[in-house]
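Peer 1: how would this look folded up:
(one chain, ligands or ions: 1)
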Amino acid sequence: MSQLNKSIIEPTDLNIYGINSFINKFEDSKEDIINLQDLKYNFKVDFTFDEEVNQIEESPLPAFTQLTFNERIVSDTTSYSSSYNRPPLGPIEKYCYCSYCSNIAPLYHSIECSFPEKKSLFLTMEGLFYYVIQKANPEFSEKLNKLREAWFSNTITQRLLNEFLLIPNSVKIQTNQISSEIPLSNKLTTIQYFDVIILRGPTKLEYTPATQKISNAVMLSYEYTTDKISNMDEDISKKTSIRIYKNGLINLINVPKLQVKRDTLYNSLINRINMSSDAVNIENFNKEASEYTSENFDEYSIVKNASYIHSVNSQFSMWKTKDKYLINMNKLNDIISSFDSFGKIVSGRYTTISTLPKTNKQVIKLDYQTKNKKGSVYIINWEN
Ligand SMILES: [Zn+2]
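Peer 2: Take a look at the predicted model:
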């Protein structure tokens, strides 16, 4: 009997790998507290772009490494996307130019390039040679294959080349000119980078344009080195993503685990917001903050009662030896989240279902019992 009741579950320690927090989450705040235009131009970013040598000057960590502001601008007559990146993104893929900011490799996109992405790139004349002519196993369109054949048989005409030039005759072809004498300049073609670079499989996801993710928030990257547990550990750099909204909310994903490192981040973030020209409307800030504190502020500050860790990502194993047991996932799903014929989650032997009043969302209360204690957890989202 005692043998049968012995639990096979011996959970490992919880491994916390992500901590996410809010600064100044004022419920239902509609006040304009932070002027994002002001912030985007004036927030001090530690990594800077040196135009003279065309590269990014990095500073020691911790540091603010990147500022991005993607915005959808809507007026009565028009609507368009704008993007701002400081330092700028790049360098542009070799032998390409950007059709939005007109910069040519090895330059970076401009800071205000509206689509600083691979999708925006087209080949230069050098690129035509490098990506089209020199390509070993091409899978091109018929049009590009025709160009290749003409190149190899030295039968390129001005008329044929003009089909690929952004400005006709910007590269001159003499009669009977052999192909190797055609000048490979950085004159612009109409061949798109993605016409010649074929993406396969999951790597496609990497090229989802950043500007599709319009958030109307100033996004910052902050990099820091991990907390060493022993001197044997190497420094590993980690990244916090920060979103600043005009209603004063700051959402931080992946903040440092150690309080002291977190405080360093918070303090420098708040300082830099305050240093950013006139980005903060302090009257509106105090108006919202007054719901949470009696304190009156003369600059943007962390309001403790409205700032907290909102989620933690973690994992554990149910037993130490990896493949000791297998879980029947269907059964587990039925125990925790079984549905009735109307598609509603129903209570079970270990679970009680309740519905949140505002959203009509169903929450599962799961009861459990271990050797030492009884307890329950609320599951607000269960995916299978
Ligand atoms: Zn560009």
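Peer 1: who's in contact with stretch 260-276?
Peer 2: By CB atoms under 8 Å, 6 or more residues apart in numbering, the residues outside stretch 260-276 that reach it are 23, 34, 38-39, 42-44, 62, 64, 220, 222, 224, 227, 240, 242, 244, 250, 252, 255-256, 279-280, 299-302. From N, CA and C alone the C-beta is placed, and that goes for glycine too.
Peer 1: revised request: answer the last question for stretch 111-123.
Peer 2: 49, 80-90, 92-93, 95-101, 103, 109, 131-132, 166, 188-194, 196-197, 207, 209-211.
Peer 1: from the residues you listed, list the buried ones, please.
Peer 2: 49, 83-90, 92-93, 95-101, 103, 109, 131-132, 188-189, 191-193, 196, 210-211 (16 or more other CB atoms under 10 Å).
Peer 1: buried ones in the longest helix seen in the chain, by neighbour count?
Peer 2: In the chain, assigned by DSSP state H, the helix with the most residues is helix 259-275. Burial within helix 259-275, assessed by neighbour count using 16+ other CB under 10 Å, is assigned to Lys261, Arg262, Leu265, Tyr266, Ser268, Leu269, Ile270, Arg272, Ile273.
Peer 1: nearest to Asn54, out of the residues you listed: which one, please.
Peer 2: For those, the residue nearest Asn54 by CB to CB is Arg272; the value is 26.4 Å.
Peer 1: measure Ala63 to the ion for me?
Peer 2: Ala63 sits 25 Å away from the ion when distances are taken as CB to the ion, to the nearest Å.
Peer 1: and that residue, how close does it get to Met318?
Peer 2: Distance of Ala63 to Met318, computed by CB to CB, to the nearest Å: 40 Å.
Peer 1: neighbour count: those two, which is higher?
Peer 2: It is Ala63, of Ala63 and Met318, that has more neighbours when counted by other CB atoms under 10 Å, with 17 against 13.
Peer 1: tell me the span between the first and last residue of stretch 365-384.
Peer 2: End-to-end distance for stretch 365-384, by CA to CA, to the nearest Å: 17 Å.
Peer 1: check stretch 47-58 too.
Peer 2: Note: stretch 47-58 ends 5 Å apart using CA to CA.
Peer 1: any idea of the mean pLDDT in it?
Peer 2: Averaging pLDDT along stretch 47-58 gives 97.
Peer 1: returning to that earlier point: which among the contacts of stretch 260-276 end up buried?
Peer 2: 23, 34, 39, 43, 62, 64, 220, 222, 224, 240, 242, 244, 250, 252, 255-256, 279-280, 300-301.
Peer 1: filter the residues you listed down to the ones in strands?
Peer 2: Counting by DSSP state E, the part of the buried ones among the contacts of stretch 260-276 found in strands is Ile23, Phe64, Leu220, Tyr222, Tyr224, Thr240, Ile242, Ile244, Ile250, Leu252.
Peer 1: list the contacts of the fourth one.
Peer 2: Yep, that's Tyr222 we're talking about. Neighbours of Tyr222 in contact, by CB under 8 Å, 6+ apart: Pro62, Ala63, Phe64, Thr65, Lys239, Thr240, Ser241, Ile242, Leu265, Leu269.
Peer 1: roughly how far apart are Ile242 and the ion?
Peer 2: From Ile242 to the ion the distance is 24 Å (CB to the ion).
Peer 1: grab the nearest non-local neighbour of that residue.
Peer 2: Leu220 (4.2 Å; CB to CB, 6 or more residues apart in numbering).
Peer 1: quick one, grab the pLDDT at that neighbour.
Peer 2: For Leu220, the predicted pLDDT is 97.
Peer 1: what's the answer for Leu252, then?
Peer 2: Leu252 is given a pLDDT of 97.
Peer 1: my guess is it contacts Asn24. True?
Peer 2: No. Leu252 lies out of contact with Asn24 (CB atoms under 8 Å); the separation is 11.3 Å.
Peer 1: tabulate the contacts of Tyr222 in JSON lines, adding columns for pLDDT.
Peer 2: Converted to JSON lines, these look like this (pLDDT from 0 to 100):
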{"residue": "Pro62", "pLDDT": "96"}
{"residue": "Ala63", "pLDDT": "97"}
{"residue": "Phe64", "pLDDT": "98"}
{"residue": "Thr65", "pLDDT": "98"}
{"residue": "Lys239", "pLDDT": "95"}
{"residue": "Thr240", "pLDDT": "97"}
{"residue": "Ser241", "pLDDT": "96"}
{"residue": "Ile242", "pLDDT": "97"}
{"residue": "Leu265", "pLDDT": "98"}
{"residue": "Leu269", "pLDDT": "98"}
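Peer 1: give me every residue in this structure lying close to the ion.
Peer 2: By the rule CB under 5 Å from the ion, the part of the chain lying against the ion is Cys98, Tyr100, Cys101, His109, Cys113, Pro116.
Peer 1: so can I have JSON lines of these showing pLDDT and secondary structure?
Peer 2: What follows is these, written out as JSON lines (pLDDT from 0 to 100; DSSP: H, G, I helix; E, B strand; the rest coil):
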{"residue": "Cys98", "pLDDT": "98", "secondary structure": "strand"}
{"residue": "Tyr100", "pLDDT": "96", "secondary structure": "coil"}
{"residue": "Cys101", "pLDDT": "97", "secondary structure": "coil"}
{"residue": "His109", "pLDDT": "98", "secondary structure": "coil"}
{"residue": "Cys113", "pLDDT": "96", "secondary structure": "coil"}
{"residue": "Pro116", "pLDDT": "95", "secondary structure": "coil"}
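Peer 1: any stretches of the protein with poor pLDDT?
Peer 2: Residue ranges of the chain with pLDDT under 70: 1-6, 200-214, 227-235.
Peer 1: residue ranges of each domain in it, please.
Peer 2: 2-13+313-379, 15-43+216-312, 49-117, 122-196 (automatic domain parsing).
Peer 1: could you find the closest non-adjacent residue to Ser110?
Peer 2: Nearest one to Ser110, counting by CB to CB, 6+ apart, is Cys101 at 4.0 Å.
Peer 1: that neighbour against Ile92, yeah?
Peer 2: No. Using CB under 8 Å, Cys101 makes no contact with Ile92, being 9.1 Å away.
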